[in-house]
Structures are given as structure tokens and as C-alpha cells.
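# missing the sequence, but the structure's below:
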């Protein structure tokens, strides 16, 4: 083998080893966790408003992602500890305040491992609590919503 071929082979091997080392380094870095997609229900009702609809339905799984298997609306006055105790969650939902205010309700979305996240929804936009506290439900289930005379949305009965 000539000297130039040996040099070329050496350069190729060194570049290959550097590429492998770079891939190993990149694979050891922790992946950045995606942020929670807030506003799913509000986007769905805004689309219904734009279409001039008075009735619509939204699936929390479609609005927030397939990682969520269950959901439960949380009404004003509720605390994170009450949510943990009532629904048997291992920890308080991410994003739920110390006490839900009168102007808000939250949709708590629960993953299969029991971790959860909460999306704040203005009651003037979508009021899940107009007819009282609902039990947890499958996140793939469609929530029927009806437009009110005031321009907001409530659960259709």
C-alpha cells in the first residue's frame, strides 16, 4: 500500500471515529421536554365560532395530545390537594394554582403513569362548571359543547 493511500485511510478512520464520538455525545444529552400545549379547548371553540356553529364537540386527546388518557374539569375553589385526594393522583397537576379562582376553570389532563397537567380556561370562554363538578372521563371521549346567549360555551346536556 502506498504512503498516500495509508494517509487517506488514516484520515477516513479518524473522521469516522469523530463522527461516532459526536453521535454518542448527542445521544447522551437529555432530550428537551416538550412544553404542555395549552389552549386546546379554546382553539376548538374559536374554530367553531369562526364557522358560525352553535354546537361542537372536542376530544381532549385530540386537543392536547395522545399522551393523555383521562381528563377531569376542575371548578373554582378547588385546591391541588383536593384534586390529588379526590382523583387519586400521585402528585398535584402541573399548572394548577393554589386555589382555582372564580373566573377560571381548569381541564386536568392525566397521563397513563398518573402524572398530570392543567390547562386554565376562562369561564367566560368555556364553562365546564355551569352544571357542577364532573367525574374523570376518557380523554378520547368527545365533550359536547353548546354556545350560550352570552357568547361563551358550556357542556351540552
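Yep, that arrived. Please read these numbers as outputs of a predicted model, since none were measured by experiment.

# Can you name the next helix or strand after the longest helix along the chain?
Taking DSSP state H as the assignment, the helix of the chain that covers the most residues is helix 3-28. Later in the chain than helix 3-28, the nearest helix or strand by DSSP states H and E is helix 40-50.

# model confidence over that next one, on average?
If you average the pLDDT over helix 40-50, you get 92.

# Paired strands for the very next helix or strand once past that helix, with orientation please.
Following helix 40-50 in sequence order, the next helix or strand is strand 55-58 (DSSP H and E). For strand 55-58, the paired strands and their directions (DSSP bridges) are strand 143-147 (antiparallel).

# quick one: average pLDDT of the partner strand?
Along strand 143-147, the predicted confidence averages to a pLDDT of 95.

# just the angle between that strand and helix 40-50, please?
Calculated by axes from the mean of the first three to the mean of the last three Cα atoms, to 10 degrees, strand 143-147 forms an angle of 50 degrees with helix 40-50.

# For strand 143-147, list every residue counted as buried.
With burial defined by 16 or more other Cβ atoms under 10 Å, the residues of strand 143-147 counted as buried are 143, 145, 147. No exception for glycine: its C-beta is placed from N, CA and C like everyone else's.
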